[in-house]
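Trainee: Below: sequence and its predicted model.
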Amino acid sequence: MTDVIKIVVAGPRGRMGREAVKLVEDTENFQLVAVIDHKHNGMKLADILETSKSQVMVYTDIEECLQNEQADVLIDLTTPETGYLHTKTALTYGVRPVVGTTGFSQEELIELKSLAEAKGLGCIIAPNFAIGAILMMKFSQMASKYFPDVEIMEMHHDQKLDAPSGTAVKTAEMIKENRPSHRQGHEDEKETIEGARGANYDGMRIHSVRLPGLVAHQQVLFGAEGQTLTLRHDSYNRASFMSGVKVSVETIMSLDSLVYGLEHILV
Ligand SMILES: NC(=O)C1=CN([C@@H]2O[C@H](COP(=O)(O)OP(=O)(O)OC[C@H]3O[C@@H](n4cnc5c(N)ncnc54)[C@H](OP(=O)(O)O)[C@@H]3O)[C@@H](O)[C@H]2O)C=CC1
Ligand SMILES: O=C(O)C1=N[C@H](C(=O)O)C[C@H](O)C1
């Protein structure tokens, strides 16, 4: 019989958090021990989340939560500032973080990597948990060896806080490993409206679209003489991310350092 993994979910009322609560409740060897929400301290989860009957405690303070509850794993699905703070605190308390929250800076990622290493604890920071998105990123990385001119267009719902998306940044980072650094477009190109050419990452352009009705979508466009190649992934609901969350929780128990990106743990 597999050992039970005791889990805290941060951001349980959110679009992703509520799916994560459901995943934990529905998985045999996962046990929800508490949730962290910036509101409703001291209430029970069932009182703040209509889709759950769980009587676990709601904490607003992560330190109080981790002092009172025995937890193996923290699943964080909150906001960039809170997610960073939660990840750091969890590692300090010996709890392994599975982080879906996006918008961390390079400095924050480096700091969390050192902390995880110093503690000898697994930590997974996954900008995208959807298997199709991981494949889209890997295929983009492969394609960039042959098509070094590329633009990334990410499209999300209009409640998203960070731009570009974590997935777009990760895609650009992966492409950079294969693509010789160079500026794209005409050397005399000028924007007559600021931002028209999108964000510039190592000469690649990233365009962020925000519209109601969208969930999470990304298109990577490659262009070469007389041809284009388009790689596209669409998440139509948040359940699409949950198999990646499950695999991360299962894998993190045997890791002793930080892993950035699910591509490193999918076999
Ligand atoms: N890695 C992946 O595959 C995916 C990652 N994401 C990322 O996950 C994060 C959450 O996304 P999403 O669920 O859509 O966002 P939501 O806004 O729906 O959820 C965020 C939740 O966090 C809560 N929250 C805010 N501050 C705190 C805090 N200090 N402590 C505890 N809870 C807090 C919010 O509460 P309130 O409602 O009161 O503000 C809200 O319930 C984002 O960073 C997003 O980019 C999203 C989808 C997939
Ligand atoms: O906020 C979202 O919704 C999503 N965020 C992640 C990101 O920033 O890439 C993952 C997915 O795109 C959905």
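Mentor: Thanks, I have the structure now. Residues are numbered from 1 along each chain as shown. Ligands and ions are numbered 1, 2, ... in the order given.
Trainee: For the rest of this, base every contact and every neighbour count on C-alpha atoms.
Mentor: Noted.
Trainee: can you pull out the helices in this protein?
Mentor: 15-26, 45-48, 62-68, 80-92, 106-119, 131-144, 166-176, 242-252 (DSSP state H).
Trainee: Mind putting these into CSV with mean neighbour count?
Mentor: Putting the helices of the chain into CSV (neighbours: other Cα atoms under 10 Å) gives the following:
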stretch, mean neighbour count
helix 15-26, 20
helix 45-48, 18
helix 62-68, 15
helix 80-92, 19
helix 106-119, 16
helix 131-144, 20
helix 166-176, 21
helix 242-252, 19
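Trainee: ok and the residue in the stretch 151-267 of the chain nearest ligand 1?
Mentor: residue 241 (5.3 Å; Cα to the nearest ligand atom).
Trainee: what's near enough to touch that residue?
Mentor: 128-131 (Cα atoms under 8 Å, 6 or more residues apart in numbering).
Trainee: How much space separates it from residue 90?
Mentor: Taking Cα to Cα, to the nearest Å as the measure, residue 241 falls 22 Å from residue 90.
Trainee: How about the contacts made by the nearest residue to residue 79 once chain neighbours are set aside?
Mentor: Take residue 79 and drop its neighbours on the chain: the residue closest to it by Cα to Cα, 6 or more residues apart in numbering is residue 101, 6.2 Å away. Taking Cα under 8 Å, 6+ apart, we find residue 101 in contact with 76-80, 83, 125-127.
Trainee: among the contacts of residue 241, which are within reach of ligand 2?
Mentor: Contacts with ligand 2 within the contacts of residue 241, counted by Cα under 6 Å from any ligand atom: residue 128.
Trainee: Let's have the contacts of residue 241 in JSON lines, adding pLDDT and distance to residue 246.
Mentor: Shown next, in JSON lines, are those (pLDDT from 0 to 100; distance: Cα to Cα, whole Å):
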{"residue": "128", "pLDDT": "98", "distance to residue 246": "13"}
{"residue": "129", "pLDDT": "98", "distance to residue 246": "9"}
{"residue": "130", "pLDDT": "98", "distance to residue 246": "11"}
{"residue": "131", "pLDDT": "97", "distance to residue 246": "12"}
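Trainee: is it possible to export the contacts of residue 241 to CSV including distance to residue 112?
Mentor: Shown next, in CSV, are the contacts of residue 241 (distance: Cα to Cα, whole Å):
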residue, distance to residue 112
128, 18
129, 19
130, 23
131, 24
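Trainee: Just the closest of the contacts of residue 241 to residue 23, please.
Mentor: residue 129 (13.4 Å; Cα to Cα).
Trainee: Just the pLDDT for the closest residue to residue 77 other than its chain neighbours.
Mentor: Among residues not flanking residue 77 along the chain, residue 101 sits closest, at 4.9 Å (Cα to Cα, 6+ apart). Per-residue pLDDT puts residue 101 at 98.
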